[in-house]
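Visitor: predicted model and sequence follow; I will ask about them next.
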Amino acid sequence: MEKIIVHGGPALKGTVEIEGAKNAVLPIQAASILASSGKLALTNVPALSDVFLMNKVLSFLNVDVAFDRDKKSVTFDASRHLSSEAPFEYVSKMRASMVVMGPLLARVGRARVAMPGGCAIGSRPIDLHLKGFEALGATIEQHDGYIEASADQLTGANIYLDFPSVGATENIMMAATLAKGTTLIENVAREPEIVDLANVLNKMGARVFGAGTETIRVEGVATLHGCEHSVVQDRIEAGTFMVAAAITGGNVLIKDAISEHNKPLISKLLEMGVQVRDEVDGVRVIGTSQLKPVTVKTSPHPGFPTDMQPQMSVLQLMANGTSTLTETVFENRFNHLDELRRMNARFTIEGRSVALQGPTAFNGAEVAATDLRAAAALVLAGLVANGYTTVTNLQYLDRGYCDFHDKLAALGAEIERVDIDADVRQIIAKRQKSVSSNLN
Ligand SMILES: CC(=O)N[C@H]1[C@@H](OP(=O)(O)OP(=O)(O)OC[C@H]2O[C@@H](n3ccc(=O)[nH]c3=O)[C@H](O)[C@@H]2O)O[C@H](CO)[C@@H](O)[C@@H]1O
Ligand SMILES: C=C(OP(=O)(O)O)C(=O)O
């Protein structure tokens, strides 16, 4: 078992590099299915467990996948005959593998995908994805824990999403690229990752208009081909390092971060008294010892991102006074707070809101991550806690952060990642060696 051990104290200083966005690359990987000729060649690909898993799903579907970790690149060739089934083994591990469904329907005319379950942060239904496919003319059936969608030829339609779901927008947009006629999708998600996906689809020969606004229009084309693309920077990783700089009273340049993508977070940091400024090669964040309390409410982009909520709660707990935080996107995304309580955090939850009582003198403790951003939040609290904090369940962290502890250590944090089992194996091996040398 691996653990991160962090000793609180040092103010972070220096420059940190950000990877390509997990939430952009995953649907773009799935989009490779749409290319019946040529290769889709991606650069700025983060080495994350979710990215590896999506590569496995695509290989299973008979897409040829070549990943180069050193070059941070991956190439997909989907020109062969493709299979249409994404089994439970994958979908249960990563909900985002659902986004193969739209591309499969469009390219193969059939998709059989294991029904995704909920996860720690919420029940996460997929009704909007399915309604969209049905509107495009697909027949949807559910058997033995699988969703089966089929259509000889998808046909353009007008679709209104009840909620601007990121995954549903991506799935429907991809399905519509090869549909006959025009599809109008209203009340869509407007996240930067949607824009990145639309850019790739257009490079592949699709005709997608309006990504980044509330309405997307897709004019169907007959076929799509490969292309080259560099994945957009990860605004959530960038935001996490912004909070790390702010929380420790540090001075950090987040290289190549796009401030436009992090406006809602930056606006809250400024309100708290943190200095944030655009520089030629990124965004600089300079902390303050006098953090002011703020009110934060998550909502779909361009609102405050739910994926920054757990990290933000740690910063709010450091402010001089009571802050409030309301989670409107997921129904169960306060799990990290119970762990933070073990580190001395004081708060009161009422429904979807929490009153966070600052300032907090965090104490080091043994804590366990419950999900991806909870893992990051616990490490952040450890950066300012008295003594040592040990964070376990790092499989969650690895879904979305690459070399997180190394990047923090390079900024001056006293942090280490240890493999307890490897240490135990080493101790046993050493003992065995000394026993055998005593016997000789
Ligand atoms: C891989 C990826 O990009 N993940 C992101 C994506 O997840 P994901 O695409 O799953 O998130 P959605 O935007 O779809 O979900 C938002 C809300 O809508 C609900 N909903 C969604 C679909 C549906 O058919 N029915 C329904 O009720 C969900 O339960 C949730 O409460 O957007 C989330 C919201 O910004 C982020 O937290 C995730 O990091
Ligand atoms: C919730 C997240 O991701 P996913 O939708 O992949 O679970 C996240 O990135 O914080």
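Guide: Looks like it arrived, so ask away. Numbers count the residues shown, from 1 in each chain. Ligands and ions are numbered 1, 2, ... in the order given.

Visitor: what parts of the stretch 1-150 of the chain come near ligand 1?
Guide: By CB under 6 Å from any ligand atom, the part of the stretch 1-150 of the chain that sits against ligand 1 consists of 23, 26, 96, 122, 124, 125, 126, 127, 128, 129. All C-beta atoms are positioned from the backbone trio N, CA, C, and that covers glycine.

Visitor: just the closest residue of the protein to ligand 2, please.
Guide: Nearest to ligand 2 in the chain, going by CB to the nearest ligand atom, is residue 307, at a distance of 3.9 Å.

Visitor: which non-adjacent residue is nearest that residue?
Guide: residue 236 (4.7 Å; CB to CB, 6 or more residues apart in numbering).

Visitor: from the residues of the stretch 1-150 of the chain next to ligand 1, which are also near ligand 2?
Guide: Among those, the residues within reach of ligand 2 (CB under 6 Å from any ligand atom) are 23, 96.

Visitor: where does the residue of the chain closest to ligand 2 sit: helix, strand or coil?
Guide: helix (DSSP: H, G, I helix; E, B strand; the rest coil).

Visitor: surely it meets residue 373?
Guide: Yes - assessed by CB atoms under 8 Å, residue 307 is found in contact with residue 373 at 5.6 Å.

Visitor: neighbour count: those two, which is higher?
Guide: It is residue 373, of residue 307 and residue 373, that has more neighbours when counted by other CB atoms under 10 Å, with 29 against 25.

Visitor: doesn't that one lie inside a strand?
Guide: No - the assignment for residue 373 (three-state DSSP) gives helix, which keeps it out of a strand.

Visitor: residues touching it, list them.
Guide: By CB atoms under 8 Å, 6 or more residues apart in numbering, the residues touching residue 373 are 236, 307, 308, 309, 310, 311, 336, 400.

Visitor: chain neighbours aside, what residue packs nearest to the fourth one?
Guide: It refers to residue 309. residue 298 (5.2 Å).

Visitor: quick check, that neighbour in contact with residue 328.
Guide: Yes - if you go by CB under 8 Å, residue 298 and residue 328 touch, sitting 5.5 Å apart.

Visitor: need the overlap of contacts for these two.
Guide: In contact with both residue 298 and residue 328: residue 306, using CB under 8 Å, 6+ apart.

Visitor: near residue 177, how many other residues are there?
Guide: 28.

Visitor: go on, residue 59?
Guide: Other residues close to residue 59 by other CB under 10 Å number 12.

Visitor: element containing it, please.
Guide: Following DSSP states H and E, one finds residue 59 within helix 49-60.

Visitor: run through who's touching that helix.
Guide: Residues from elsewhere that reach helix 49-60, judged by CB under 8 Å, 6+ apart: 22, 25-26, 29-30, 32-33, 45, 65, 67, 74, 76, 78, 83, 85-87, 90, 93-94, 96-97, 100, 395, 398-400.

Visitor: quick one, what contacts residue 349?
Guide: Residue 349 touches 334, 337, counting by CB under 8 Å, 6+ apart.

Visitor: partners of it in the sheet?
Guide: residue 354 (DSSP bridges).

Visitor: measure it to residue 267 for me?
Guide: According to CB to CB, to the nearest Å, residue 349 stands 25 Å off from residue 267.

Visitor: any stretches of the stretch 201-350 of the chain with poor pLDDT?
Guide: For the stretch 201-350 of the chain, no stretch is flagged by pLDDT under 70.

Visitor: which parts of it sit against ligand 1?
Guide: So far as CB under 6 Å from any ligand atom goes, the stretch 201-350 of the chain lies against ligand 1 at 306, 307, 329, 330.

Visitor: out of those residues, which is nearest to residue 3?
Guide: Distance to residue 3 across these (CB to CB) is lowest for residue 307, with 23.5 Å.

Visitor: the residue nearest to residue 407 when sequence neighbours are not counted: what secondary structure?
Guide: In this structure, residue 407 finds its nearest non-sequential neighbour in residue 16, 5.3 Å apart by CB to CB, 6+ apart. On the three-state scheme (three-state DSSP), residue 16 is labelled strand.

Visitor: show me what residue 16 bridges to in the sheet.
Guide: Beta-bridge partners of residue 16, as defined by DSSP bridges: residue 254.

Visitor: that one against residue 409, yeah?
Guide: No - using CB under 8 Å, residue 16 is not in contact with residue 409; the gap is 10.8 Å.

Visitor: residue 101 sits in which helix or strand?
Guide: helix 101-108.

Visitor: same for the next helix or strand after that helix, what does it pack against?
Guide: Counting by DSSP H and E, the next helix or strand C-terminal to helix 101-108 is strand 110-114. Under the contact criterion of 3 or more CB pairs under 8 Å, 6 or more residues apart in numbering; DSSP states H and E, strand 110-114 touches strand 85-86, helix 88-91, helix 101-108, strand 146-150.

Visitor: got the contact list for the third one?
Guide: Same thing as helix 101-108. So helix 101-108 is contacted by 30-34, 36, 61, 78, 82, 84, 86, 110-111, 113, 129, 133, 136, 138, 147, 149-151, 154, 170-179 (CB under 8 Å, 6+ apart).

Visitor: again, 7 Å this time
Guide: 30-31, 33-34, 36, 82, 84, 110-111, 113, 129, 133, 138, 149, 151, 154, 171-172, 174-175, 177-179 (CB atoms under 7 Å, 6 or more residues apart in numbering).

Visitor: what do you get for the second one?
Guide: Among residues not part of helix 88-91, those counted as contacts by CB under 7 Å, 6+ apart are 53, 56, 57, 97, 98, 113, 114, 116, 145.

Visitor: could you list which of these also contact ligand 2?
Guide: Within those, nothing lies near ligand 2 by CB under 6 Å from any ligand atom.

Visitor: between residue 298 and residue 328, which one's more packed in?
Guide: More crowded of residue 298 and residue 328, by other CB under 10 Å: residue 298, with 21 against 16.

Visitor: re earlier: which SS class is the residue nearest to residue 307?
Guide: Applying three-state DSSP: residue 236 is helix.

Visitor: can you check residue 129 too?
Guide: helix.

Visitor: count the neighbours of it for me.
Guide: When neighbours are counted by other CB under 10 Å, residue 129 registers 27.

Visitor: try residue 136
Guide: Neighbour tally, residue 136, other CB under 10 Å: 26.
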